[in-house]
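**Student:** The amino acid sequence is not available; the structure is as follows:
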(Lines give C-alpha, C1' and ligand atoms only; values in the text may rest on other atoms or scores of the structure.)
Protein backbone atom coordinates (compact mmCIF):
# COMPACT_ATOMS: atom_id res chain seq x y z
CA UNK A 1 0.00 0.00 0.00
CA UNK A 2 2.89 2.38 0.87
CA UNK A 3 4.51 2.01 -2.57
CA UNK A 4 1.15 2.41 -4.33
CA UNK A 5 0.56 5.74 -2.57
CA UNK A 6 4.04 6.99 -3.59
CA UNK A 7 3.37 5.96 -7.20
CA UNK A 8 0.05 7.85 -7.26
CA UNK A 9 1.77 11.01 -5.91
CA UNK A 10 4.34 10.88 -8.72
CA UNK A 11 1.59 10.48 -11.34
CA UNK A 12 -0.28 13.47 -9.96
CA UNK A 13 2.82 15.64 -10.17
CA UNK A 14 3.57 14.54 -13.74
CA UNK A 15 0.02 15.29 -14.85
CA UNK A 16 0.38 18.97 -13.85
CA UNK A 17 3.30 19.75 -16.15
CA UNK A 18 4.28 18.90 -19.71
CA UNK A 19 7.35 16.78 -20.50
CA UNK A 20 10.22 18.79 -21.14
CA UNK A 21 15.38 22.90 -20.99
CA UNK A 22 18.59 24.16 -19.72
CA UNK A 23 17.31 23.63 -16.21
CA UNK A 24 15.94 25.36 -13.17
CA UNK A 25 17.57 28.71 -12.32
CA UNK A 26 19.45 28.63 -9.02
CA UNK A 27 17.65 31.04 -6.71
CA UNK A 28 17.47 31.00 -2.89
CA UNK A 29 14.57 28.54 -2.64
CA UNK A 30 16.96 25.80 -1.48
CA UNK A 31 16.90 27.58 1.90
CA UNK A 32 13.19 26.71 2.23
CA UNK A 33 14.09 23.13 3.20
CA UNK A 34 14.52 22.32 -0.49
CA UNK A 35 18.16 21.32 -1.05
CA UNK A 36 16.98 18.51 -3.31
CA UNK A 37 15.97 21.14 -5.89
CA UNK A 38 19.64 21.86 -6.64
CA UNK A 39 21.47 18.77 -5.29
CA UNK A 40 20.31 15.37 -6.67
CA UNK A 41 22.25 13.53 -3.95
CA UNK A 42 19.70 14.79 -1.40
CA UNK A 43 16.92 12.63 -2.86
CA UNK A 44 15.76 10.37 -0.05
CA UNK A 45 18.42 11.65 2.37
CA UNK A 46 15.90 12.81 4.98
CA UNK A 47 13.80 10.86 7.45
CA UNK A 48 10.61 11.78 5.58
CA UNK A 49 9.50 11.85 1.96
CA UNK A 50 9.12 15.48 0.91
CA UNK A 51 6.77 17.31 -1.45
CA UNK A 52 7.66 20.91 -2.22
CA UNK A 53 5.79 23.32 -4.52
CA UNK A 54 7.07 26.82 -5.30
CA UNK A 55 5.70 29.79 -7.25
CA UNK A 56 8.05 32.69 -8.01
CA UNK A 57 7.12 36.01 -9.61
CA UNK A 58 9.64 38.73 -10.42
CA UNK A 59 9.10 42.46 -10.82
CA UNK A 60 5.39 42.87 -10.12
CA UNK A 61 3.85 45.40 -12.49
CA UNK A 62 6.41 44.67 -15.22
CA UNK A 63 4.89 43.15 -18.35
CA UNK A 64 6.26 39.72 -19.34
CA UNK A 65 8.34 39.57 -16.17
CA UNK A 66 10.03 36.24 -15.34
CA UNK A 67 7.96 33.65 -13.47
CA UNK A 68 8.88 30.18 -12.27
CA UNK A 69 6.88 27.31 -10.82
CA UNK A 70 8.37 24.05 -9.51
CA UNK A 71 6.99 20.88 -7.98
CA UNK A 72 9.19 18.17 -6.50
CA UNK A 73 8.87 14.88 -4.65
CA UNK A 74 11.68 12.80 -3.19
CA UNK A 75 11.88 9.94 -0.75
CA UNK A 76 13.71 6.84 0.41
CA UNK A 77 13.50 3.64 -1.62
CA UNK A 78 14.65 0.68 0.45
CA UNK A 79 17.43 1.06 3.01
CA UNK A 80 20.14 2.70 0.91
CA UNK A 81 18.51 4.33 -2.12
CA UNK A 82 16.49 7.45 -2.84
CA UNK A 83 14.42 8.63 -5.79
CA UNK A 84 12.74 11.84 -6.81
CA UNK A 85 11.10 13.88 -9.51
CA UNK A 86 11.23 17.61 -10.26
CA UNK A 87 8.86 19.40 -12.65
CA UNK A 88 9.13 23.06 -13.57
CA UNK A 89 7.75 25.79 -15.80
CA UNK A 90 9.95 28.86 -16.38
CA UNK A 91 8.76 31.85 -18.46
CA UNK A 92 10.56 35.08 -19.34
CA UNK A 93 8.84 37.25 -21.94
CA UNK A 94 8.77 35.46 -25.30
CA UNK A 95 11.03 32.69 -23.99
CA UNK A 96 9.87 29.77 -21.87
CA UNK A 97 11.02 26.34 -20.79
CA UNK A 98 9.38 23.32 -19.26
CA UNK A 99 11.17 20.37 -17.83
CA UNK A 100 11.28 17.17 -15.84
CA UNK A 101 14.13 15.69 -13.83
CA UNK A 102 14.15 12.09 -12.60
CA UNK A 103 16.58 11.34 -9.79
CA UNK A 104 18.31 8.33 -8.32
CA UNK A 105 20.51 8.60 -5.22
CA UNK A 106 22.51 6.11 -3.18
CA UNK A 107 23.30 6.64 0.51
CA UNK A 108 26.19 5.12 2.43
CA UNK A 109 25.88 5.09 6.21
CA UNK A 110 29.07 5.00 8.30
CA UNK A 111 27.36 5.29 11.69
CA UNK A 112 27.66 2.50 14.23
CA UNK A 113 24.04 3.03 15.29
CA UNK A 114 20.84 4.49 13.81
CA UNK A 115 20.84 7.79 15.73
CA UNK A 116 24.30 9.13 14.82
CA UNK A 117 24.27 10.82 11.42
CA UNK A 118 27.27 10.04 9.20
CA UNK A 119 25.98 9.72 5.64
CA UNK A 120 27.70 10.00 2.26
CA UNK A 121 25.32 10.30 -0.70
CA UNK A 122 25.64 10.23 -4.49
CA UNK A 123 22.91 11.27 -6.93
CA UNK A 124 22.18 11.75 -10.61
CA UNK A 125 19.40 13.61 -12.42
CA UNK A 126 18.20 12.70 -15.90
CA UNK A 127 16.57 15.83 -17.30
CA UNK A 128 14.18 16.20 -20.22
CA UNK A 129 13.56 19.77 -21.35
CA UNK A 130 11.62 21.77 -23.91
CA UNK A 131 12.53 25.35 -24.85
CA UNK A 132 10.03 27.60 -26.60
CA UNK A 133 10.33 30.91 -28.45
CA UNK A 134 7.04 32.64 -29.24
CA UNK A 135 7.51 34.76 -32.40
CA UNK A 136 3.84 35.48 -32.98
CA UNK A 137 4.03 38.96 -31.42
CA UNK A 138 7.36 40.02 -32.97
CA UNK A 139 5.91 41.65 -36.12
CA UNK A 140 2.82 43.32 -34.72
CA UNK A 141 4.38 46.73 -35.37
CA UNK A 142 4.32 46.06 -39.12
CA UNK A 143 8.10 45.92 -39.48
CA UNK A 144 9.41 42.96 -41.43
CA UNK A 145 12.55 40.99 -40.71
CA UNK A 146 13.47 38.11 -43.05
CA UNK A 147 14.93 35.94 -40.25
CA UNK A 148 11.74 36.11 -38.15
CA UNK A 149 8.71 34.15 -39.22
CA UNK A 150 6.37 36.09 -36.95
CA UNK A 151 3.61 33.52 -37.09
CA UNK A 152 5.04 30.47 -35.30
CA UNK A 153 6.09 29.24 -31.89
CA UNK A 154 9.49 27.57 -32.19
CA UNK A 155 10.14 24.57 -29.93
CA UNK A 156 13.14 22.37 -29.27
CA UNK A 157 13.57 19.47 -26.84
CA UNK A 158 16.78 18.06 -25.42
CA UNK A 159 18.28 15.91 -22.66
CA UNK A 160 20.93 16.52 -19.99
CA UNK A 161 22.13 15.13 -16.66
CA UNK A 162 23.28 16.46 -13.28
CA UNK A 163 25.57 14.56 -10.91
CA UNK A 164 26.33 15.30 -7.29
CA UNK A 165 27.50 14.17 -3.86
CA UNK A 166 26.50 15.14 -0.32
CA UNK A 167 28.04 14.50 3.07
CA UNK A 168 25.98 14.89 6.24
CA UNK A 169 27.88 14.40 9.51
CA UNK A 170 26.01 15.30 12.70
CA UNK A 171 25.48 19.10 12.57
CA UNK A 172 27.67 19.65 9.46
CA UNK A 173 26.81 19.20 5.78
CA UNK A 174 28.44 19.75 2.38
CA UNK A 175 27.17 19.32 -1.20
CA UNK A 176 28.83 19.30 -4.62
CA UNK A 177 26.80 19.21 -7.86
CA UNK A 178 27.70 19.55 -11.53
CA UNK A 179 24.67 20.60 -13.57
CA UNK A 180 24.24 20.03 -17.32
CA UNK A 181 27.17 17.65 -17.68
CA UNK A 182 26.40 16.77 -21.31
CA UNK A 183 27.21 19.35 -23.99
CA UNK A 184 24.05 20.08 -25.94
CA UNK A 185 22.53 22.82 -28.03
CA UNK A 186 18.97 24.05 -28.51
CA UNK A 187 18.42 24.54 -32.23
CA UNK A 188 16.25 27.65 -31.82
CA UNK A 189 19.25 29.48 -30.29
CA UNK A 190 21.97 27.90 -32.46
CA UNK A 191 23.87 31.08 -33.31
CA UNK A 192 23.60 32.70 -29.91
CA UNK A 193 24.04 30.00 -27.28
CA UNK A 194 26.99 27.79 -26.40
CA UNK A 195 26.52 24.04 -26.19
CA UNK A 196 28.35 24.14 -22.84
CA UNK A 197 25.71 24.84 -20.16
CA UNK A 198 27.78 23.29 -17.36
CA UNK A 199 27.55 24.83 -13.89
CA UNK A 200 29.23 23.74 -10.65
CA UNK A 201 27.56 24.23 -7.25
CA UNK A 202 29.39 23.83 -3.95
CA UNK A 203 27.59 24.44 -0.66
CA UNK A 204 28.11 23.76 3.01
CA UNK A 205 26.86 24.74 6.42
CA UNK A 206 26.81 24.04 10.14
CA UNK A 207 23.99 24.10 12.70
CA UNK A 208 24.58 25.06 16.33
CA UNK A 209 22.70 26.39 19.34
CA UNK A 210 20.13 25.23 21.86
CA UNK A 211 17.14 23.32 20.49
CA UNK A 212 14.98 24.70 23.34
CA UNK A 213 15.97 28.26 22.44
CA UNK A 214 17.32 29.10 18.98
CA UNK A 215 19.27 27.07 16.45
CA UNK A 216 21.61 28.97 14.11
CA UNK A 217 22.64 27.76 10.67
CA UNK A 218 25.29 29.72 8.72
CA UNK A 219 25.88 28.39 5.20
CA UNK A 220 27.47 29.29 1.89
CA UNK A 221 26.77 28.43 -1.76
CA UNK A 222 29.37 28.90 -4.50
CA UNK A 223 28.45 28.82 -8.19
CA UNK A 224 30.80 28.58 -11.18
CA UNK A 225 29.62 28.72 -14.82
CA UNK A 226 32.08 26.85 -17.01
CA UNK A 227 31.60 28.67 -20.34
CA UNK A 228 31.62 32.28 -19.10
CA UNK A 229 33.84 31.68 -16.02
CA UNK A 230 31.22 33.55 -14.02
CA UNK A 231 31.36 33.12 -10.24
CA UNK A 232 28.70 33.79 -7.62
CA UNK A 233 28.52 33.40 -3.86
CA UNK A 234 25.60 33.16 -1.43
CA UNK A 235 26.25 34.00 2.23
CA UNK A 236 23.36 32.77 4.36
CA UNK A 237 22.25 32.75 7.99
CA UNK A 238 19.19 30.85 9.16
CA UNK A 239 17.55 30.61 12.61
CA UNK A 240 15.01 28.09 14.02
CA UNK A 241 12.76 28.40 17.06
CA UNK A 242 10.53 25.64 18.45
CA UNK A 243 7.10 26.73 19.70
CA UNK A 244 4.06 24.92 21.09
CA UNK A 245 2.34 24.66 17.71
CA UNK A 246 5.44 23.79 15.66
CA UNK A 247 8.58 25.54 14.47
CA UNK A 248 9.18 29.02 13.04
CA UNK A 249 12.31 29.99 11.19
CA UNK A 250 13.83 32.79 9.20
CA UNK A 251 16.80 33.25 6.88
CA UNK A 252 18.77 36.07 5.33
CA UNK A 253 20.80 35.52 2.16
CA UNK A 254 23.22 37.80 0.32
CA UNK A 255 24.23 36.91 -3.25
CA UNK A 256 26.96 38.56 -5.27
CA UNK A 257 27.98 37.67 -8.82
CA UNK A 258 31.55 38.76 -9.45
CA UNK A 259 33.37 41.60 -7.70
CA UNK A 260 33.35 44.41 -10.25
CA UNK A 261 31.33 47.65 -10.10
CA UNK A 262 28.73 45.94 -12.29
CA UNK A 263 28.21 43.00 -9.95
CA UNK A 264 24.70 41.60 -9.63
CA UNK A 265 23.61 41.57 -5.97
CA UNK A 266 20.57 40.21 -4.13
CA UNK A 267 19.38 40.57 -0.55
CA UNK A 268 16.87 37.82 0.27
CA UNK A 269 14.96 37.50 3.55
CA UNK A 270 12.89 34.33 4.06
CA UNK A 271 10.33 33.48 6.74
CA UNK A 272 8.71 30.09 7.29
CA UNK A 273 6.70 27.92 9.63
CA UNK A 274 6.39 24.16 10.14
CA UNK A 275 3.18 22.86 11.69
CA UNK A 276 3.03 19.10 12.09
CA UNK A 277 3.92 17.74 8.62
CA UNK A 278 3.21 20.97 6.75
CA UNK A 279 5.54 23.80 5.78
CA UNK A 280 4.85 27.32 4.46
CA UNK A 281 7.51 29.86 3.49
CA UNK A 282 7.66 33.30 1.89
CA UNK A 283 10.76 34.61 0.10
CA UNK A 284 11.45 38.16 -1.03
CA UNK A 285 14.53 39.05 -3.09
CA UNK A 286 15.65 42.65 -3.51
CA UNK A 287 18.00 43.52 -6.34
CA UNK A 288 20.66 46.11 -5.44
CA UNK A 289 23.85 47.58 -6.86
CA UNK A 290 24.58 49.21 -10.22
CA UNK A 291 22.90 46.41 -12.20
CA UNK A 292 19.26 47.07 -11.38
CA UNK A 293 16.36 46.55 -13.76
CA UNK A 294 13.57 47.76 -11.48
CA UNK A 295 12.95 48.85 -7.91
CA UNK A 296 10.50 45.98 -7.40
CA UNK A 297 11.49 42.68 -5.83
CA UNK A 298 11.04 38.98 -6.48
CA UNK A 299 8.31 37.20 -4.50
CA UNK A 300 8.05 33.47 -3.88
CA UNK A 301 5.73 31.17 -1.96
CA UNK A 302 6.78 27.63 -0.99
CA UNK A 303 4.38 24.96 0.25
CA UNK A 304 5.52 21.61 1.58
CA UNK A 305 4.39 18.42 3.23
CA UNK A 306 6.44 15.62 4.81
CA UNK A 307 5.13 12.08 4.34
CA UNK A 308 5.96 8.54 5.46
CA UNK A 309 8.33 9.54 8.24
CA UNK A 310 9.61 6.08 9.02
CA UNK A 311 12.91 6.24 10.90
CA UNK A 312 13.91 7.48 14.32
CA UNK A 313 15.28 11.01 14.20
CA UNK A 314 19.03 11.39 14.33
CA UNK A 315 20.67 12.79 17.45
CA UNK A 316 21.85 16.03 15.82
CA UNK A 317 20.89 19.54 14.87
CA UNK A 318 20.23 18.71 11.23
CA UNK A 319 16.91 20.21 10.03
CA UNK A 320 17.38 19.13 6.39
CA UNK A 321 17.63 15.47 7.49
CA UNK A 322 15.43 15.14 10.59
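**Tutor:** Everything's here; your move. As the structure is a prediction and not an experimental result, all values here were calculated from the model. Numbering: from 1, shown residues only.

**Student:** Residue 310: neighbour count?
**Tutor:** 11 (other C-beta atoms under 10 Å). Placement of C-beta: from N, CA and C, glycine included.

**Student:** residues touching it, list them.
**Tutor:** 47-48, 76 (C-beta atoms under 8 Å, 6 or more residues apart in numbering).

**Student:** Run through the stretch 51-200 of the chain and note the low-pLDDT ranges.
**Tutor:** 59-63, 137-151, 186, 189-192 (pLDDT under 70).

**Student:** can you do 90?
**Tutor:** 57-67, 79, 91-96, 111-115, 131-158, 183-197 (pLDDT under 90).

**Student:** Give me the residue at the spatial middle of this structure.
**Tutor:** The chain has residue 37 as the residue nearest its centroid, 3.2 Å off, counting by C-alpha atoms, centre = their mean.

**Student:** circling back to that earlier point, identify, from the contacts of residue 310, the entry nearest to residue 307.
**Tutor:** residue 48 (6.3 Å; C-beta to C-beta).

**Student:** Would you list the phi and psi of the closest one?
**Tutor:** Main-chain dihedrals, residue 48, degrees, to the nearest 10: phi -120, psi 150.

**Student:** and if you look at residue 31?
**Tutor:** phi -70, psi -10.

**Student:** what sits against the residue nearest to it when sequence neighbours are not counted?
**Tutor:** Leaving aside its sequence neighbours, residue 31 sits nearest to residue 251 (C-beta to C-beta, 6 or more residues apart in numbering; 4.8 Å). For residue 251, the contacting residues are 28, 31, 236-239, 268-270, 272, by C-beta under 8 Å, 6+ apart.

**Student:** swap in residue 232?
**Tutor:** So residue 232 contacts 222-223, 255-258, 264 (C-beta under 8 Å, 6+ apart).

**Student:** which residues of the stretch 201-322 of the chain fall in strands?
**Tutor:** Under the criterion DSSP state E, counting those that start in this stretch, strands of the stretch 201-322 of the chain are mapped to 208-209, 215-225, 230-243, 246-257, 264-275, 278-288, 298-307.

**Student:** To clarify, my last question referred to the stretch 1-150 of the chain.
**Tutor:** Under DSSP E, counting those that start in this stretch, the stretch 1-150 of the chain gives strands at 49-58, 67-77, 81-92, 95-109, 118-134.

**Student:** Make a markdown table out of these and add mean neighbour count and distance to residue 162.
**Tutor:** A markdown table is the format used below for the strands of the stretch 1-150 of the chain (neighbours: other C-beta atoms under 10 Å; distance: least, C-beta to C-beta, whole Å):
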| stretch | mean neighbour count | distance to residue 162 |
| --- | --- | --- |
| strand 49-58 | 21 | 17 |
| strand 67-77 | 21 | 13 |
| strand 81-92 | 20 | 10 |
| strand 95-109 | 20 | 7 |
| strand 118-134 | 20 | 4 |
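
**Student:** got those strands as JSON lines, with distance to residue 202 columns?
**Tutor:** JSON lines is the format used below for the strands of the stretch 1-150 of the chain (distance: least, C-beta to C-beta, whole Å):
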{"stretch": "strand 49-58", "distance to residue 202": "22"}
{"stretch": "strand 67-77", "distance to residue 202": "21"}
{"stretch": "strand 81-92", "distance to residue 202": "20"}
{"stretch": "strand 95-109", "distance to residue 202": "18"}
{"stretch": "strand 118-134", "distance to residue 202": "15"}
